[in-house]
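Visitor: Pasting a predicted model and its sequence here:
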Amino acid sequence: KSAMSSKKAQQLCPYVIFVRPRFDAYKDVSRKIREIFSRYTDLIEPLSLDEAFLDVSDDKLGIGSAITIAEQIKQAIKDELNLTASAGVSINKFTAKIASDMNKPDGLTFIGPSKLEKFMEKLAVEKFFGVGKVTAEKMKRQGLHTGKDLKQLSEQRLTQLFGKSGKFFYNIVRGIDNRAVQPNHEIKSISAEDTFSYDLDKDEELYDWLEQIAKTAFRRLQNYKVMGRTLTLKIKFEDFKQITRSTSFATPITDVEQAIAVSKSLLENADFGGKKVRLLGVGFSNFGENRIRDKFEGYQHSLFPNFGNI
């Protein structure tokens, strides 16, 4: 299934056949989709090869309706590329992203200002973009099943329960998301991470997972044709507490074996406090003079949360 590691897939199905991805073809289609977007607005913030936020207040064609623009973009993608696309239209990034996920693969959902707060109250917590299975389970253990339940808690209480995300949940359930669409936003890190199906001890299995995650992150780095001087290890424990450990070098990390060795060294020296691990992530940054500004020209670079759509 989506986001499952190849190692996990092979454990579940030893006879699985992996098909080599056609990244050049994906990039070509991605550029064509971007060209369609740019007919309508210059305010485009790519999220991945096939997804982006569009701020259509910059209405280049003077259409005057976000819904009509979304309809025309969907039709252009279908006519020119023979692909379906789903779109979400709303007043901010968060709710537009949720709307875009509601009627896939070929839907269009509008969440207007007058319906926004009621919509968020009825929304199941697992439908909140950025709320994974583990966080959803933790919310339900606290009796939090819908946005309305979240709304009953103070910002302080949500922060106690969910750390920095608590403030985000407090605002978003009230329809508040003031993040602007950021065209050509510079990518400062490339990373990969994996949430495990069960909590792991600091043993050989954890190091095996780390090796696979480091390889994935390094492969993404190569896809962008950049090298980083800083490697960061992200560890989330069974109690949802999270730490990061980084190390930097005078010269870039150019070899996957070096990346694996550095990752393992950071893990070895991390203080677990006797706790098990729920998630590991490896990221590269400090690219020197190289700049990555457009995800449409590269690959999906990170699994660390970044909410997003039209």
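Guide: Cool, got the structure.

Visitor: residue at max distance from the center of this protein?
Guide: Computed with Cα atoms, centre = their mean, the residue of the chain farthest from its C-alpha average is Gly62, at 31.9 Å.

Visitor: Please report how far that one lies from Gly112.
Guide: Distance, Gly62 to Gly112, using Cβ to Cβ, to the nearest Å: 21 Å. Backbone N, C-alpha and C define where each C-beta goes, glycine included.

Visitor: And for Gly163?
Guide: According to Cβ to Cβ, Gly163 stands 32 Å off from Gly112.

Visitor: now Pro252
Guide: To Gly112, Pro252 is 48 Å away according to Cβ to Cβ.

Visitor: Those two: which is more packed in?
Guide: A side-by-side neighbour count of Pro252 and Gly112, using other Cβ atoms under 10 Å, places Pro252 first with 18 against 13.

Visitor: How is this structure partitioned into domains?
Guide: Split into domains by automatic domain parsing, the chain comes to 6-112, 114-172, 189-292.

Visitor: and of those domains, who's closest to Val181?
Guide: Proximity to Val181 (Cβ to Cβ) singles out domain 6-112 among the domains of the chain, at 3.9 Å.

Visitor: For Ser30, what are phi and psi?
Guide: Ser30 adopts backbone torsions of phi -60, psi -40, taken as degrees, to the nearest 10.

Visitor: and it, what pLDDT?
Guide: In this model, Ser30 is scored at 89, pLDDT.

Visitor: what does the one 10 residues further on give?
Guide: Note for Tyr40: predicted pLDDT of 96.

Visitor: which non-adjacent residue is nearest it?
Guide: For Tyr40, ignoring the flanking residues on the chain, the nearest one in space by Cβ to Cβ, 6 or more residues apart in numbering is Ile69 at 5.3 Å.

Visitor: can you tell me the distance between the two ends of stretch 228-245?
Guide: One end of stretch 228-245 to the other measures 15 Å (Cα to Cα, to the nearest Å).

Visitor: So for Lys1, what's the pLDDT?
Guide: On pLDDT, Lys1 comes in at 61.

Visitor: Just give me the longest helix of this structure.
Guide: Taking DSSP state H as the criterion, the chain has its longest helix at helix 204-223.

Visitor: for stretch 167-177, which positions count as buried?
Guide: Of all the residues in stretch 167-177, those buried under the rule 16 or more other Cβ atoms under 10 Å are 168-170, 172-173, 175, 177.

Visitor: Point out where the stretch 1-150 of the chain drops to low pLDDT.
Guide: Applying pLDDT under 70 to the stretch 1-150 of the chain flags the ranges 1-5.

Visitor: hmm, back to that, could you dump the buried residues of stretch 167-177 to CSV with pLDDT and distance to Pro105?
Guide: Below are the buried residues of stretch 167-177 laid out as CSV (pLDDT from 0 to 100; distance: Cβ to Cβ, whole Å):
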residue, pLDDT, distance to Pro105
Phe168, 89, 28
Phe169, 91, 29
Tyr170, 93, 33
Ile172, 89, 25
Val173, 91, 28
Gly175, 87, 27
Asp177, 90, 25
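
Visitor: circling back to that earlier point, can you tell me which of the domains of the chain is nearest to Gln182?
Guide: Distance to Gln182, taken as Cβ to Cβ, is lowest for domain 6-112 among these, at 5.0 Å.

Visitor: need the strands for the stretch 1-150 of the chain, in chain order.
Guide: 44-48, 51-54, 87-89, 108-110 (DSSP state E, counting those that start in this stretch).

Visitor: Show residues contacting the third one.
Guide: It stands for strand 87-89. Strand 87-89 has contacts (Cβ atoms under 8 Å, 6 or more residues apart in numbering) with 66-67, 70, 73-74, 95-102, 107-111, 309-310.

Visitor: So which of these sit within helices?
Guide: The members of the contacts of strand 87-89 that map onto helices under DSSP H are 66-67, 70, 73-74, 95-100.

Visitor: which among these gets closest to Met120?
Guide: Met120 lies nearest to Thr95 out of the ones in helices among the contacts of strand 87-89, by Cβ to Cβ, at 7.4 Å.

Visitor: if I look at the closest one, how far off is Ser154?
Guide: In this view, Thr95 and Ser154 are 22 Å apart by Cβ to Cβ.

Visitor: more neighbours, those two?
Guide: Using other Cβ under 10 Å, the more surrounded residue of Thr95 and Ser154 is Thr95, with 27 against 10.

Visitor: residues touching the nearest residue to the more buried one once chain neighbours are set aside, list them.
Guide: Leaving aside its sequence neighbours, Thr95 sits nearest to Ile111 (Cβ to Cβ, 6+ apart; 5.0 Å). Applying Cβ under 8 Å, 6+ apart to Ile111 gives the contacts 88-91, 95-96, 98-99, 119.

Visitor: Mind doing that once more with 10 Å?
Guide: Neighbour list for Ile111: 88-92, 95-96, 98-99, 102, 118-120, 175 [criterion: Cβ atoms under 10 Å, 6 or more residues apart in numbering].
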